[in-house]
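>>> the following comprises the amino acid sequence and a computationally predicted model.
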Amino acid sequence: MKAIQIHQFGGPEVLKYEDAPRPVPAADEVLIKVYASGVNPVDWKIRAGHAKGKFPIHFPLIPGWDVSGDIEEVGSDILNFKKGDEVYSRPDPTRNGTYAEYVVVKADQVNGKPKSISHDKAAAVPLAGLTAWQGLFDYGQLERGQKVLIHAASGGVGTFAVQFAKWKGAYVIGTSSEENIDFLFDLGADEVIDYKNEKFEDKVKDVDLVFDMIGGDTQKRSLDVIKKGGRLITIVGPENQEIAKSKGIIVEGFMARSLPEELQQIADLIDSGKVKPIVTLILPLKEAAEAQRNIESGHTRGKIVLKVI
């Protein structure tokens, strides 16, 4: 099969389009014929060597941990999937990924894809969608009527978080650059703050939840806008725990898990028209380096997808 592989850490130039062995599913796995792969910040961070120690990495490595495609083959223990089923998944990031014509995935990390959208759009959903869902609801415990501040609201995770929070019935505040303000209002945000020209802590107070995709000074300043008993949930590592404790705020970091029941809930919201994936750019698999250059800039609206078939 054709795949994008890296043989060493480095810049986008280490991504090589080449032949690779087609994987064989174990008894508890499925082989997915990949139609499209989502591109995420974790992809370039692993490629650049920034994830050393977090994941066991063996070269050559196929990156990519977002997939939409068809079941090609099922392991001997699998009863709930069959050849031809349309599925999507966030595969295990410690194994070879989805920048390839085929990928093997544990069957308990796979779910039927949303029926109403193409594979190209479905591939944009799993990792970012699960991260947003778990950050808001599993860890953030967001409820109807609460107020949530979402940083980097126009990014891959942020665009799902805005829509999920609005669906839940929360009051949604997002931070973004000026060019994305109208876009976020269209997604359902109640307020949008231009982080380049405004300080969110001057405009926001008494929020129940801050969902942080940035960290650093942004995370620290966020503690000033959260009510006592509120939460700050982050995907980039929790900081300032002593300050948070003194304010009666819970700060927690997490890495999204691949849970089929949540993929199903997200698919249902998409198929009912309540949520939509935002795909800004679709590139052929051969152009994975360009896709990663784009995502590494940190200013991508929504998601980038690699089209395999």
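That came through fine. If you're wondering where the values come from, they're calculated on a predicted model, not measured in any experiment.
>>> domain map for the chain?
According to automatic domain parsing, the chain comprises the domains 2-125+277-307, 128-253.
>>> for Gln265, find the nearest of the ones you listed.
The closest of these to Gln265 is domain 128-253. By CB to CB, the value is 7.3 Å. Every C-beta, even on glycine, is put in place using the N, C-alpha and C of the backbone.
>>> the longest strand belonging to the chain packs against which elements?
Under DSSP state E, the strand in the chain containing the largest number of residues is strand 29-39. With contacts defined as 3 or more CB pairs under 8 Å, 6 or more residues apart in numbering; DSSP states H and E, the packing partners of strand 29-39 are strand 67-74, strand 86-89, strand 102-106, helix 119-122, helix 126-133, helix 288-296, strand 303-307.
>>> redo the domains of the chain as a markdown table? Include distance to Asp271, mean pLDDT and mean neighbour count.
Shown next, in a markdown table, are those (distance: least, CB to CB, whole Å; pLDDT from 0 to 100; neighbours: other CB atoms under 10 Å):
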| stretch | distance to Asp271 | mean pLDDT | mean neighbour count |
| --- | --- | --- | --- |
| domain 2-125+277-307 | 5 | 96 | 20 |
| domain 128-253 | 13 | 97 | 20 |
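>>> any idea which of these gets closest to Ile266?
domain 128-253 (4.7 Å).
>>> gap between the two ends of the closest one?
For domain 128-253, the first-to-last residue distance is 15 Å (CA to CA, to the nearest Å).
>>> now do the same contact list for the residue nearest the centre of the chain.
By CA atoms, centre = their mean, the chain has its centre lying nearest to Ala128, at 1.8 Å. For Ala128, the contact set (CB atoms under 8 Å, 6 or more residues apart in numbering) comprises Gly38, Asn40, Asp66, Gly156, Val157, Thr159, Phe160, Lys303.
>>> likewise Glu198?
Listed by CB under 8 Å, 6+ apart, the contact set of Glu198 is empty.
>>> how does it look with 10 Å?
Thr175, Glu178, Val192 (CB atoms under 10 Å, 6 or more residues apart in numbering).
>>> so which of the residues you listed are in strands?
Thr175, Val192.
>>> now the helices for the stretch 201-309 of the chain?
216-222, 241-246, 260-271, 288-296 (DSSP state H, counting those that start in this stretch).
>>> in CSV: the ones you listed, plus distance to Ala165.
Shown next, in CSV, are the helices of the stretch 201-309 of the chain (distance: least, CB to CB, whole Å):
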stretch, distance to Ala165
helix 216-222, 16
helix 241-246, 21
helix 260-271, 12
helix 288-296, 23
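>>> mind listing the strands the helix or strand Leu149 falls within pairs with, and their directions?
Counting by DSSP states H and E, the element that carries Leu149 is strand 147-150. In the sheet, strand 147-150 lines up against strand 171-176 (parallel), strand 207-212 (parallel) (DSSP bridges).
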